[in-house]
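> output the structure for:
(one chain, ligands or ions: 1)
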Amino acid sequence: MEPKTPAESRTIITDLVLPSETNPIGNMFGGELLARMDRAASIAARRHSRRIVVTASVNHVAFNKMIPLGSVVTVEAHVSRAFKSSMEVFMDVWIEDRESGMRSKANEGIYTFVAVDEMGSPVPVPEISPETSLEKERFDGALRRRQLSLVLAGKLAPQDATELKALFT
Ligand SMILES: CC(C)(COP(=O)(O)OP(=O)(O)OC[C@H]1O[C@@H](n2cnc3c(N)ncnc32)[C@H](O)[C@@H]1OP(=O)(O)O)[C@@H](O)C(=O)NCCC(=O)NCCS
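Residues are numbered from 1 along each chain as shown. Reported below is the predicted structural model:
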């Protein structure tokens, strides 16, 4: 399989925040944003692999800014690194100022997807070939994030998480 660039999986979803999607103080529910992120990320993983994909892990989400009712929210996702059957997907979340139209970063997240066949068994995916400096930075960090996720899921022994351990030694 030929390697692909992150740009080939880039997925952008823009939508409004409606009243039914807010908490009692009028800001967007975290779960609503997580669902929008999951949708954008799954499309990115599908574009990269051209296979059925399932969410294996929500590795990290930072809710840095409140998102008020009526905001225009854009979720931008791309595959940052692919392993054998799994793909790390990075998402940046932006909101738009109503008057100036200027975008500001509200949140970000990292999910892991796995490509599967019709029986749900993992299948191989193409590698990622990063191009920009940000893509290279995200690619480089993906291995230790994968090891952290697998350790937390009880699927990798901490002593085998070599990339992760290297951070502390
Ligand atoms: C994700 C899933 C396919 C993994 O299947 P599995 O039998 O554990 O398969 P494996 O152990 O071979 O793992 C497959 C890949 O997933 C990765 N993986 C599994 N769990 C992971 C986790 N918690 N974090 C990061 N990667 C994970 C493995 O490292 C492996 O990656 P690789 O092939 O790139 O090396 C399976 O657990 C599943 O179907 N889960 C449910 C998915 C789902 O329904 N999601 C929606 C939730 S409602």
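
> buried set for the helix or strand hosting residue 93?
Assigning secondary structure by DSSP states H and E places residue 93 in strand 86-96. Judged by neighbour count (16 or more other CB atoms under 10 Å), strand 86-96 contains these buried residues: 86-95. The C-beta positions use only the backbone N, C-alpha and C, and glycine is treated the same way.

> can you name the residues of the protein that neighbour the ligand?
54-57, 83-86, 112, 114, 116, 120, 122, 146, 149-150, 153, 155 (CB under 6 Å from any ligand atom).

> out of these, which are inside helices?
Residues of the residues of the chain next to the ligand located in helices (DSSP state H): 146, 149-150.

> between the residues you listed, which sits nearest the ligand?
Of all those, the ligand sits closest to residue 149, with 3.5 Å by CB to the nearest ligand atom.

> distance check, the closest one against residue 43.
Separation of residue 149 from residue 43 (CB to CB, to the nearest Å): 21 Å.

> tell me which of the two has more neighbours.
Ranked by neighbour count (other CB atoms under 10 Å), residue 149 and residue 43 place residue 149 first, with 21 against 18.

> buried ones in the helix or strand bottoming out on mean pLDDT in the chain?
One helix or strand of the chain scores below all others by mean pLDDT, DSSP states H and E: helix 162-166, with a mean of 86. Across helix 162-166, burial judged by 16+ other CB under 10 Å covers residue 164.

> for it, name the packing helices and strands.
helix 133-152 (3 or more CB pairs under 8 Å, 6 or more residues apart in numbering; DSSP states H and E).

> could you export the helix it packs on as CSV, CA atoms only?
Output in CSV follows, covering the C-alpha atoms of helix 133-152 (Å, rounded to 0.1, in the frame of the first residue of the first chain):
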residue,chain,number,x,y,z
SER,A,133,6.3,20.8,10.4
LEU,A,134,3.0,20.5,12.5
GLU,A,135,2.2,17.2,10.8
LYS,A,136,5.7,15.9,11.5
GLU,A,137,5.5,17.0,15.2
ARG,A,138,2.1,15.1,15.5
PHE,A,139,3.5,12.1,13.7
ASP,A,140,6.5,11.9,16.0
GLY,A,141,4.4,12.1,19.2
ALA,A,142,1.9,9.5,18.0
LEU,A,143,4.0,6.4,19.1
ARG,A,144,4.2,7.5,22.7
ARG,A,145,0.5,8.4,22.8
ARG,A,146,-0.3,5.0,21.4
GLN,A,147,1.8,3.3,24.1
LEU,A,148,0.1,5.4,26.8
SER,A,149,-3.4,4.5,25.5
LEU,A,150,-2.5,0.8,25.4
VAL,A,151,-1.0,0.9,28.9
LEU,A,152,-4.2,2.6,30.2
